[in-house]
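*Asks:* For reference, the sequence and a predicted model appear below.
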Amino acid sequence: MSVDLNADLVRVHRLVRLLRHSGYTPVMRTSRLLIHVLLLILALPGSGLAASRDDLMRVFADIVPRKYTRGIFWKIEKPGLRPSYLLGTIHVDDPRVTRLPPVIQRAFDGAQTVCTEVKMDFRMLEMELKSMYFQDGRSLKTLLPKRLYQATARLMKRYGLQSGSFDRMKPFAVAYLLNIPPRYVGAQMLDMRLYTSAISRNKQVCGLETAAEHGAAFDFLDMREQVNMLRQTVNNIEQVHASFRRLLQAWLDRDLKAMVTVGARSNWTGDLASAKKLVDWLIVRRNRIMHRRMQPWLRRGNTFFAVGTLHLTGRLGLLRLLEGSGYRVTRLY
């Protein structure tokens, strides 16, 4: 694999300028947190929704698994093609997640190509920085009510971030970060490990979304909805982190149904319309894009795909979409 180091160095300098313009201090600690936020497009929910459980389950109906309810690692086959593999990940830094079981490690070792949600290169980082940060002079300090801003600042200190490091982040990006307890945030997420390992071993790498598509997730909610999400997260932070721990345990148990149930019972948004936007925009819409982009790599065969686990589930999840396009999917783990 050839790497254009000069182009990457140019992008590094652009990123540093962008970070300085945004009031973001590019030290190692905050850089690791930033990488985490950029990959956290998994619809990890918070709490505080007053709607009934039945209403919420209707909103989540398209991703509730009924046929494939368990398993995070799947073989994808079609006659005449070499098999490929699909791993459902959870974007956290935890050795129970990042240490691959032998069946997954063998498939990864033998794969010719590794595809993650997005290519984790400097172009992705540059595009998503622009999406995560206000570029028009606005800041959280001027946007949020004083009490909410102060409460947010206190929580962000747990992640090693002072006001100068996060003040120009959009509310949605801050809410995403706060959904994960600080101990689980870092640069050694499974997705990043797989991507960097593939590059170091001269495997071909690809992304199922463009950097611009991935970054668009920070703007699909209007500012009122983003502030509301942040408020729900800050005001219910202990319940939010408890929900995360339940979600992580469901992933470790390979229980897809439990993962969706945790999400449906603990949504951040405060209203069903916003909950539906989250499901439709962050999961269902992206499933269709990913499924379409998987096709040429599936025809080549011997590709290892790694995407957030909630993209696998339900009638509009990747497992059912693959089945509908003529592939057989078999649970391996």
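*Replies:* Alright, I've got the coordinates. Numbering: from 1, shown residues only.

*Asks:* now the helices: where do they sit in the stretch 201-333 of the chain?
*Replies:* Remark: helices assigned in the stretch 201-333 of the chain by DSSP state H, counting those that start in this stretch are 211-215, 223-235, 237-252, 256-265, 272-277, 285-300, 318-324.

*Asks:* quick one: which of those is nearest Leu332?
*Replies:* Ranking these by distance to Leu332, with Cβ to Cβ as the measure, places helix 318-324 first at 12.7 Å. C-betas here are computed from N, CA, C, even on glycine.

*Asks:* And the closest one, what does it pack against?
*Replies:* Helix 318-324 is packed against strand 84-89, helix 285-300, strand 328-331, with contacts defined by 3 or more Cβ pairs under 8 Å, 6 or more residues apart in numbering; DSSP states H and E.

*Asks:* Mean pLDDT and mean neighbour count added to those, as JSON lines?
*Replies:* Converted to JSON lines, the helices and strands packed on helix 318-324 look like this (pLDDT from 0 to 100; neighbours: other Cβ atoms under 10 Å):
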{"stretch": "strand 84-89", "mean pLDDT": "98", "mean neighbour count": "25"}
{"stretch": "helix 285-300", "mean pLDDT": "97", "mean neighbour count": "17"}
{"stretch": "strand 328-331", "mean pLDDT": "98", "mean neighbour count": "14"}
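
*Asks:* Distance to Leu278 added to the ones you listed, as a markdown table?
*Replies:* Supplementary listing: these in a markdown table, determined by distance: least, Cβ to Cβ, whole Å:
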| stretch | distance to Leu278 |
| --- | --- |
| strand 84-89 | 19 |
| helix 285-300 | 11 |
| strand 328-331 | 26 |
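
*Asks:* and Arg246, which of the ones you listed is closest to it?
*Replies:* Between Arg246 and the helices and strands packed on helix 318-324, the tightest spacing by Cβ to Cβ is seen for strand 84-89, at 16.7 Å.

*Asks:* List the buried residues for the next helix or strand after the closest one?
*Replies:* Sequence-wise, the next helix or strand downstream of strand 84-89 (DSSP states H and E) is helix 95-98. Within helix 95-98, the residues that count as buried by 16 or more other Cβ atoms under 10 Å are 97-98.

*Asks:* And the next helix or strand after helix 95-98, what does it pack against?
*Replies:* Proceeding N to C from helix 95-98, the next assigned helix or strand is helix 102-110, under DSSP H and E. If you count contacts as 3+ Cβ pairs under 8 Å, 6+ apart, helix 102-110 packs onto strand 73-77, strand 84-89.

*Asks:* Which of those strands sits closest to Val97?
*Replies:* Among the helices and strands packed on helix 102-110, strand 84-89 sits nearest to Val97 (Cβ to Cβ), with 7.6 Å.

*Asks:* now for the closest one, which elements pack on it?
*Replies:* Using 3+ Cβ pairs under 8 Å, 6+ apart: strand 84-89 touches strand 73-77, helix 102-110, helix 190-200, strand 303-308, helix 318-324.

*Asks:* Can you give me the first-to-last residue distance of stretch 326-333?
*Replies:* 22 Å (Cα to Cα, to the nearest Å).

*Asks:* Identify all contacting residues around that stretch.
*Replies:* 68, 70-78, 85-86, 101, 103-104, 107, 254, 298, 319, 322-323 (Cβ atoms under 8 Å, 6 or more residues apart in numbering).

*Asks:* same check, this time on stretch 297-308
*Replies:* 41-42, 76, 78, 81-91, 107-108, 110-117, 190-191, 194, 206, 208, 290, 294, 318, 327.

*Asks:* Quick one: distance of that stretch to the chain centre.
*Replies:* The gap between where stretch 297-308 is centred and where its chain is centred comes out at 18 Å by Cα atoms, centre = their mean, to the nearest Å.

*Asks:* quick one: terminal-to-terminal distance for it?
*Replies:* 18 Å.

*Asks:* now swap in stretch 178-191 and tell me
*Replies:* Separation of the first and last residues of stretch 178-191 by Cα to Cα is 20 Å.

*Asks:* Stretch 305-315 now?
*Replies:* From its first residue to its last, stretch 305-315 covers 19 Å (Cα to Cα).

*Asks:* just the buried members of the contacts of stretch 326-333?
*Replies:* Among the contacts of stretch 326-333, those buried by neighbour count (16+ other Cβ under 10 Å) are 68, 71-78, 85-86, 104, 107, 254, 298, 319, 322.
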